[in-house]
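A.B. asks: With the sequence up front, the predicted model follows.
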Amino acid sequence: MQKIELEISGLSHTITQSQSYAVLLSEVGGMRKLPIVIGAFEAQAIAVAIEKVVINRPLSHDLIKNLFTIFNISLKEVLIDNLQDGIFYSKLICEKDGQEIEVDSRTSDALALAVRFNCPIYTFEFILETAGAIINEQDKKDEDDDDDDEEVDDDTAEIVGAALSADADDIALMSLKELNDKLKEYLDKEDYESAARIRDEIEQRKNK
């Protein structure tokens, strides 16, 4: 099957699902868009990489990229290769020592890695026919006129802000009780990266 290239064109809140976001993929050279619902953590991981925000400690996807680099594995492309019951399935197409390796991946994780490796994203026609949306020429023209790679849209900026909400400057001002409360909050939300920063601060204070 012929592959169709996509690019990430935006991140936004979803209206129907609380604490969820949608990453919008646009057909390269075409008018179709493919929206994919992802979780808050994955949205943060994508937004941070898009805006090249420096985090004090590596996020999980940064760690994966570092491991790929250390073991001389390159990520050649991300392929969204199936859609079943509303769930997108993806593969990481990797290469090591001239050998191609396919790794099954959640689509949200695959997109977060694609941004970090600056690799292409592909899908198949049947997926775009099933879940894609077509915009008209005027909408496309308006979008192109407003497009600016250096500009951070409001939704992406908000997502980046959430990713940095537990950064060092804020943590330093919290009491131990506030830190423990915050740790529980992040664990309940399954925001393990923020929880790890809180935990490290607690351990540092205990060891003083």
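C.D. replies: Thanks, I have the structure now.
A.B. asks: How much space separates the one residue sitting closest to the centre of the chain from Ile38?
C.D. replies: The centroid of the chain falls nearest to Ile46 when counting by CA atoms, centre = their mean (2.5 Å). Distance, Ile46 to Ile38, by CB to CB, to the nearest Å: 8 Å. Placement of C-beta: from N, CA and C, glycine included.
A.B. asks: what residues are shared contacts of the two?
C.D. replies: 23, 108, 111 (CB atoms under 8 Å, 6 or more residues apart in numbering).
A.B. asks: What about those, which are in helices?
C.D. replies: 108, 111 (DSSP state H).
A.B. asks: most surrounded residue in the shared contacts of Ile46 and Ile38?
C.D. replies: Among those, Leu111 has the most neighbours (other CB atoms under 10 Å), with 28 neighbours.
A.B. asks: if you skip the residues just before and after it, what's nearest to Tyr122?
C.D. replies: In space, and not counting its chain neighbours, Tyr122 is closest to Lys3: 4.1 Å by CB to CB, 6 or more residues apart in numbering.
A.B. asks: which residues does the one you found contact?
C.D. replies: 79, 122-124.
A.B. asks: what's the closest of the residues you listed to Arg32?
C.D. replies: Comparing these against Arg32 with CB to CB places Thr123 closest, at 10.1 Å.
A.B. asks: Show me what counts as buried in the longest helix belonging to the chain.
C.D. replies: Using DSSP H, we find that the single longest helix of the chain is helix 192-206. Residues 193-199, 201-202 are the ones in helix 192-206 that count as buried (16 or more other CB atoms under 10 Å).
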